[in-house]
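Chemist: what would the 3D arrangement of this be:
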Amino acid sequence: MDIPFYMLLSKNDALVRNAEVITNNIANTETKGYKQRDLYFRSLATNNGDKRLKGTNSYPYDAYIKYDDTNGAVNYTMGKMDFMFDKPNHYFGVRTKQGIRYSRNGEFHLTREGVLVDNAGNEVVSREGAPIVIESENFEIDDQGAVYAEGLPVGIIGLFEDNGKAIKKVQGDGLYSFNILTDEGIIDEGTLLPINNDARISHGALEGSNVSPIDQMTNLVRINKSIEQISALYSDIANKLNKDIVNKLIGD
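Modeler: Numbers count the residues shown, from 1 in each chain. Next up, the predicted model:
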C-alpha cells in the first residue's frame, strides 16, 4: 500500500480540526476584542507518500494553538464607559462564576448598586481582584484605570499583562484564563496576572476583532479542497484493496 491509512486519517483529522478553528474565527469577526486563533501541528516525516497529494509524506501530531495578539480595529463610540487598550497583551480582569477571567473587551456599565461590570454582568476587578463600586454619578476613570468619584479615589481597574510566563486558555465569550508558573514550578490558575503600570486605556472606543474574514474564507476553501483530495485517495486505496482481495480469492 502506497499510503498507510493512518497517515490519511491523521492528515484528514488535522484538516478538519483546522477548519473548525477557522470557522470559529469567522464567526467572531464582529466580537469585540476577539483575537484570531491559528492551529499548528508538529509533523513526523516518513518515506511513504503519494505525489498526487502534496505533503502526504509526513503526518501531523501534537496540535497547538497560536493567538494573533495584534490589536483589532478601533471602533469609536464616544461612550463614557467604553475603553480599549493601546497595546496588545494587556487585559481587564472580570469575576465569573468560575473565578477570575481576562478580557480585551472594555464595554462596561454600572449596576443599580454602582458595581462596575462588563456587558455580560461580570464584575470588573481592581488590581487586587476586588469589585469596584462607584456610588456617585459624578465620576471619572483616567487612562491608567484609576477611578475617582466626587474627586476622591475609589479604586483602580486592574490592567493586567500576559508577560509570556503563563499558559493562555480560551474560555468562550471573549474570555481567557491563564495558568501561571510559580517559582516552585507549580501551575496555579488562581493567581492574578501581573499588573502593568505602563498600560494605558483609551476612552470612548472599543477594540474590534482582528480577524480578516477574507483571509479566513480563503484558507477554509483551500482546506476543503485538501479534504476532497484525501477523500479521493481513500476511494483509490479502497478500490485497490478490493481488487487485491478479489484477485487473491480467485487465485486461491
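Chemist: mean confidence (pLDDT) on the helix or strand hosting Asn219, please.
Modeler: Asn219 is located in helix 213-251, with elements delineated by DSSP states H and E. The average of the pLDDT scores along helix 213-251 is 79.
Chemist: check stretch 19-28 too.
Modeler: Averaging the model's pLDDT scores along stretch 19-28 yields 93.
Chemist: Glu20: how many residues sit nearby?
Modeler: Here the number of neighbours of Glu20 (other Cβ atoms under 10 Å) works out to 11. C-betas here are computed from N, CA, C, even on glycine.
Chemist: and if you look at the one 4 residues further on?
Modeler: The local packing count at Asn24 equals 15, with neighbours defined by other Cβ under 10 Å.
Chemist: hang on, it packs against Asp38?
Modeler: No: under the contact definition of Cβ atoms under 8 Å, Asn24 does not touch Asp38, with a separation of 11.2 Å.
Chemist: can you list the buried residues in stretch 34-41?
Modeler: Residues of stretch 34-41 classed as buried: Tyr34, Lys35, Gln36, Arg37, Leu39, Phe41 (neighbour count, 16 or more other Cβ atoms under 10 Å).
Chemist: same check, this time on stretch 126-146
Modeler: Judged by neighbour count (16+ other Cβ under 10 Å), stretch 126-146 contains these buried residues: Ser126, Arg127, Gly129, Pro131, Ile132, Val133, Ile134, Phe139, Ile141, Gly145.
Chemist: surely the fourth one meets Glu123?
Modeler: Yes: using Cβ under 8 Å, Pro131 makes contact with Glu123 at a distance of 4.5 Å.
Chemist: give me the common contacts of these two.
Modeler: By the contact definition Cβ atoms under 8 Å, 6 or more residues apart in numbering, Pro131 and Glu123 are jointly contacted by Arg95, Val115, Leu116.
Chemist: which stretches of the stretch 51-200 of the chain have low pLDDT?
Modeler: Low-confidence regions of the stretch 51-200 of the chain, defined here as pLDDT under 70, cover residues 51-63, 182, 184-190.
Chemist: all helices for it, in order.
Modeler: If DSSP state H, counting those that start in this stretch is used as the criterion, the stretch 51-200 of the chain turns out to lack helices entirely.
Chemist: still on that earlier bit, closest one of the buried residues of stretch 34-41 to Thr77?
Modeler: Nearest to Thr77 among the buried residues of stretch 34-41, counting by Cβ to Cβ, is Tyr34 at 16.9 Å.
Chemist: and the nearest residue to Met81 once chain neighbours are set aside, bridged to which residues?
Modeler: Once flanking residues are discounted, Met81 sits nearest to Phe108: 4.6 Å by Cβ to Cβ, 6 or more residues apart in numbering. On DSSP bridges, the residues paired with Phe108 through beta bridges are Asp118.
Chemist: brilliant, that's me finished.
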